[in-house]
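Novice: Next come a sequence and a model predicted from it.
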Amino acid sequence: MRIAIISETFLPATDGVVTRLRHTLEELNALGDEVMVVAPVYPGEENPKSYAGAFVHRVPGIPFPPYPEIKLSPTNPSVGRALKRFRPDLLHAVNPFILGIASPYYAKKLGIPMVASYHTNVAEYTRFYGLPFLYNLTRFYTRTIHNMAAVNLCTSQATLGYLRSEGIERVRLWPQGVDARLYNPDRRTDEMRRRLSGGRPDSKLLVFVGRLAPEKGIGRLKTILHKVPDTRLAVVGDGPARKALEKEFAGEPVVFTGRLSGEELASAYASGDAFVFPSTTETLGMAMIEGLASGLPVIAARSGASSEVVREGVDGLLYEAGNPRSLVESVRRMFEEDGLRERLARGARDSAENRSWTASTETVRGYYGEALAMMNAKVRGTVRAMSR
């Protein structure tokens, strides 16, 4: 199969969407599929020209002012020429919004089906970036472009229900995976624990990994440090809210590491005692799954996708979103109930081992086949109508 992917984000950016794309490209390559990726240029950084056998066509753009790491890259004629040369069987638009806006046009022009995938609640994010007046317009735009796709993919049952309630049709679940060899309890090291704990490795160590952005709600974790004695927090990641968070947490037992990747990131997960995830806007929460694979029990807000990832009392604890007392009680219970943390840690690893990128990609290939079958049926119907 020849697959063209148009994505609003890709390497060298690091986020949950890029993680999913990287692993999917690796699996598609192993299965013998040919893939090209259309993605933004990231000025000042090394932009890979290929990944896992897939050629990457770059499109210049401008930074999104409230969040400069996000690039707004409108399509241009070079995209059409690159797609024509590649001759794809199918076009997959990942989070179509700016670069992906022309995906329906390209699919129609090439006579191929379009599959779209939904990873980010952009409408909800307008509330966090001073653009609430765009909320309803963004919902309308998202519904319109996704309903032009033969199949729409999403990453959790909660998101699937939300999209259907928004009037988006032909929605399918794209299951999550995790690299359980990289993210593994064996990555724990004394050196990393000392680093994350600020030289206090015997303290209780909570870990957060993710983009440092307003919608993540990281500031809500501060109350834990005041209410649960001898607790420290490691914040791993970078983003537009980092300076504000460093100021907010000044004087608190918190270590900001900046962005980590590969084995260093895996070691950071495995060297903590529990993973805390206060966000309530996630469509999946890939970092929670990587934490589980690393043997970290997860303490997450009870909302949306978090309730699907975390099995209450099996691999983590859920607290009531927006309730600081509930958050503190969950952390206390994790550390004070005899044997609970150790039991949840074993459950965490067991949960992650059932999620593989191979199975995830086989599922998405099935949806590609469904879109191609729909296109072929449509063509046959047209031919029959013309022959009457």
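Specialist: In hand now; what should we look at?

Novice: Stretch 334-352: which residues count as buried?
Specialist: Buried residues in stretch 334-352, counted by 16 or more other Cβ atoms under 10 Å: 334-335, 341, 344-345, 347-349, 351-352. For glycine as for every other residue, the C-beta is placed from the backbone atoms N, C-alpha and C.

Novice: ok, Glu252 touching Ile224?
Specialist: No. Glu252 is beyond contact range of Ile224, at 10.1 Å (criterion: Cβ atoms under 8 Å).

Novice: So which of the two has more stuff around it?
Specialist: Taking other Cβ atoms under 10 Å, Glu252 and Ile224 do not tie; Ile224 has more neighbours (22 against 12).

Novice: distance of that one from Tyr141?
Specialist: Going from Ile224 to Tyr141 by Cβ to Cβ, to the nearest Å gives 38 Å.

Novice: same question, Val298
Specialist: Distance check for Val298 against Tyr141: by Cβ to Cβ, it reads 33 Å.

Novice: Tell me which of the two has more neighbours.
Specialist: Applying other Cβ under 10 Å to Val298 and Tyr141 shows that Val298 carries more neighbours, namely 26 against 16.

Novice: Assign Ala266 to helix, strand or coil.
Specialist: Classification of Ala266 using DSSP: H, G, I helix; E, B strand; the rest coil returns helix.

Novice: I figured it hits Arg187, correct?
Specialist: Yes. Between Ala266 and Arg187 there is a contact at 4.4 Å, judged by Cβ under 8 Å.

Novice: Can you get me a residue count around Tyr135?
Specialist: Using other Cβ under 10 Å, Tyr135 is surrounded by 15 other residues.

Novice: now do Gly80
Specialist: Burial of Gly80 is recorded as 15 neighbouring residues (other Cβ under 10 Å).

Novice: Check which helices and strands whichever strand or helix holds it is in contact with.
Specialist: Using DSSP states H and E, Gly80 falls within helix 77-86. In terms of contacts (3 or more Cβ pairs under 8 Å, 6 or more residues apart in numbering; DSSP states H and E), helix 77-86 is packed against strand 2-7, strand 34-40, strand 54-59, helix 103-110.

Novice: which regions of the chain sit below the pLDDT cut-off?
Specialist: 383 (pLDDT under 70).

Novice: Name the residues of the helix or strand encompassing Val364 that are buried.
Specialist: Using DSSP H and E, Val364 falls within helix 357-387. Residues 357, 360-361, 364-365, 367-368, 370-372, 375 are the ones in helix 357-387 that count as buried (16+ other Cβ under 10 Å).

Novice: Okay, angle between that helix and helix 103-110 too, please.
Specialist: Here helix 357-387 points in a direction 50 degrees away from that of helix 103-110 (axes from the mean of the first three to the mean of the last three Cα atoms, to 10 degrees).

Novice: what's helix 357-387 packed up against?
Specialist: helix 16-30, strand 90-94, strand 114-118, strand 151-154.

Novice: Give me the contact list for the helix or strand hosting Arg349.
Specialist: Assessed by DSSP H and E, Arg349 sits inside helix 340-353. Helix 340-353 is touched from outside by 178, 180, 183, 185, 273-274, 289, 291-298, 311, 313-317, 333-335, with contacts defined as Cβ atoms under 8 Å, 6 or more residues apart in numbering.

Novice: Dump it to PDB, keeping only the CA atoms.
Specialist: What follows is helix 340-353 as a C-alpha-only set of coordinates in PDB (Å, rounded to 0.1, in the frame of the first residue of the first chain):
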ATOM      1  CA  LEU A 340      -0.700  -0.400  47.700                       C
ATOM      2  CA  ARG A 341       2.000   1.400  45.700                       C
ATOM      3  CA  GLU A 342       3.900  -1.900  45.100                       C
ATOM      4  CA  ARG A 343       0.700  -3.700  44.100                       C
ATOM      5  CA  LEU A 344      -0.300  -1.000  41.700                       C
ATOM      6  CA  ALA A 345       3.200  -0.900  40.200                       C
ATOM      7  CA  ARG A 346       3.000  -4.600  39.300                       C
ATOM      8  CA  GLY A 347      -0.500  -3.900  37.800                       C
ATOM      9  CA  ALA A 348       0.900  -1.000  35.800                       C
ATOM     10  CA  ARG A 349       3.500  -3.100  34.000                       C
ATOM     11  CA  ASP A 350       0.900  -5.800  33.300                       C
ATOM     12  CA  SER A 351      -1.400  -3.300  31.800                       C
ATOM     13  CA  ALA A 352       1.200  -1.900  29.400                       C
ATOM     14  CA  GLU A 353       2.400  -5.300  28.200                       C
END
